[in-house]
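Enquirer: sequence first, then the predicted structure, then my questions.
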Amino acid sequence: MRSRWTLRSWTYVVALAISAMNDRGRHAAAPPGGRAKRLVSVALLVAGAAALLLGPSPAGQYIGNRLARSSSAARPGPGAHPPAGVTGAGVAANGSTPQAAPPAAGGPGPTTAPSPGPVSPSASHSASADPVAGALRRTGTGAVALTFDDGPDPVQTPLLLDLLKEQGVKATFCMVGFRARDHPDLVRRIAAEGHTLCNHSWQHLTNLAKRPVNYIKWDLESTNDAIRAAVPDAKIAYFRAPGGNFTPELVALAKQYGMTSIYWQVDPRDWDHKKDPSDPAHIARVVASVQRYTKPGSIVLSHDNGQPDTIEAYRTLLPWLKERFELAPLPA
């Protein structure tokens, strides 16, 4: 019934348009006043038809809803180019998107990224090994895994790689697709120096799990393709959802691409500068947070994109961590 009503309505509009054009042609030489009256009449008829289509009738509601959803829900299928204008929307001006605070042990996985705020040690640094919506929070061994998100950054990532090489430490890099596309040389260096590769989505949309399935597939495939364009034989064994916003469905979808979903156990919120009065204070807070909450088996979250203070924090943290823990990348 709805489709028949919609078809009749559209037919009515098309008929009106044709009639208006014919009428305009027949009366092209009519006096100005007559033409004005006819144009007003046609405009009123078209407006009435539009109201019929987009008004509160079932057909109008149906068409209106479809039109409203089309701009946000329609996404290219796998193999298509990124949507026009995609250059990193969803990533904050400082280069990172605020991460969702981890839930309490055993609680449900996060679904939105809340505004930055005070971190509760019992929530954000829980010692529970329970996964979040099926995503891993611990390494499963006694080794500590350092993970760096949102890169590669053409300035900060080389500095971090130099520091890791100097300290003899391997890490896991969770890369954003369009940045991997733009900096293939850094993707190659990360892989060549023995670090583990991780898919961190194409453009860091924190509501990725709520997007249509065809978009999520395009997103994951495009990110993997960008990484493999630089390193054709790259093993991409892990996926981290932007903001840590996992759902069981997103975890299952990543698994179809051979990727294990990883969350974290330690989050120093190195991207959040609002609570710190200065860079030295920020660095000190990041160092203290990692030192306080890291335990054997922890997955530690940090960021290399747009975060020079994080690099400085790890100049202190790497020697300290090496003295107390085995540091290893997540196994690929």
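Expert: In hand now; what should we look at? Numbering: from 1, shown residues only.
Enquirer: isn't residue 319 right up against residue 167?
Expert: Yes: in this structure residue 319 lies within contact range of residue 167 using C-beta atoms under 8 Å: 6.9 Å. Glycine gets a C-beta too; all of them are placed from N, C-alpha and C.
Enquirer: which secondary element of this structure has the worst mean pLDDT?
Expert: Taking mean pLDDT, DSSP states H and E as the measure, the chain has helix 121-124 as its least confident helix or strand, at a mean of 28.
Enquirer: following the chain onward from it, which element is next?
Expert: Per DSSP states H and E, the first helix or strand lying C-terminal to helix 121-124 is strand 145-149.
Enquirer: which ones are touching residue 309?
Expert: Neighbour list for residue 309: 270, 273, 279, 282-283, 286 [criterion: C-beta atoms under 8 Å, 6 or more residues apart in numbering].
Enquirer: who has more neighbours out of residue 319 and residue 167?
Expert: In terms of neighbours (other C-beta atoms under 10 Å), residue 167 is the more surrounded of residue 319 and residue 167; the figures are 15 against 11.
Enquirer: quick one, phi psi at that one?
Expert: With angles defined as degrees, to the nearest 10, residue 167 shows backbone torsions of phi -90, psi 0.
Enquirer: is the closest residue to it other than its chain neighbours in a helix, a strand, or coil?
Expert: Closest residue in space to residue 167, ignoring its immediate chain neighbours: residue 318 at 4.4 Å, by C-beta to C-beta, 6 or more residues apart in numbering. For residue 318, the secondary structure call by DSSP: H, G, I helix; E, B strand; the rest coil comes out as helix.
Enquirer: what's the spacing between residue 318 and residue 166?
Expert: In this structure, residue 318 and residue 166 are separated by 9 Å, where distance is defined by C-beta to C-beta, to the nearest Å.
Enquirer: ok, residues contacting stretch 292-300?
Expert: Counting by C-beta under 8 Å, 6+ apart, stretch 292-300 makes contact with 121, 125, 127, 129, 136-147, 262-266, 268, 290, 321, 325, 330, all of which sit outside it.
Enquirer: rerun at 6 Å
Expert: Counting by C-beta atoms under 6 Å, 6 or more residues apart in numbering, the neighbours of stretch 292-300 from elsewhere in the structure are 125, 138-139, 142, 144-146, 264-266.
Enquirer: quick check: end-to-end length of that stretch?
Expert: Between the opening and closing residues of stretch 292-300 there is a gap of 12 Å (C-alpha to C-alpha, to the nearest Å).
Enquirer: in it, what counts as buried?
Expert: Buried positions in stretch 292-300, judged by neighbour count with 16 or more other C-beta atoms under 10 Å: 293-294, 297-300.
Enquirer: widest-spaced pair of those residues?
Expert: Greatest spatial distance in the buried residues of stretch 292-300: 293 and 297, 12.2 Å, computed using C-beta to C-beta.
Enquirer: was I right about residue 219 contacting residue 203?
Expert: No: with contacts counted by C-beta atoms under 6 Å, residue 219 stays clear of residue 203, the gap being 7.9 Å.
Enquirer: hmm, residue 159 is touching residue 312, no?
Expert: No: if you go by C-beta under 6 Å, residue 159 and residue 312 don't touch, sitting 9.4 Å apart.
Enquirer: now the helices for the chain?
Expert: Ranges of helices in the chain, per DSSP state H, are 2-26, 32-54, 58-73, 121-124, 156-167, 177-182, 184-192, 213-230, 248-256, 279-293, 308-324.
Enquirer: mean pLDDT lowest where, among those helices?
Expert: Comparing mean pLDDT across these, the weakest is helix 121-124, with a mean of 28.
Enquirer: contact partners for residue 156?
Expert: Neighbour list for residue 156: 304, 308, 311 [criterion: C-beta under 6 Å, 6+ apart].
Enquirer: circling back to that earlier point, more neighbours, residue 318 and residue 166?
Expert: In this comparison of residue 318 against residue 166, neighbours counted by other C-beta under 10 Å, the higher total goes to residue 318 at 19 against 10.
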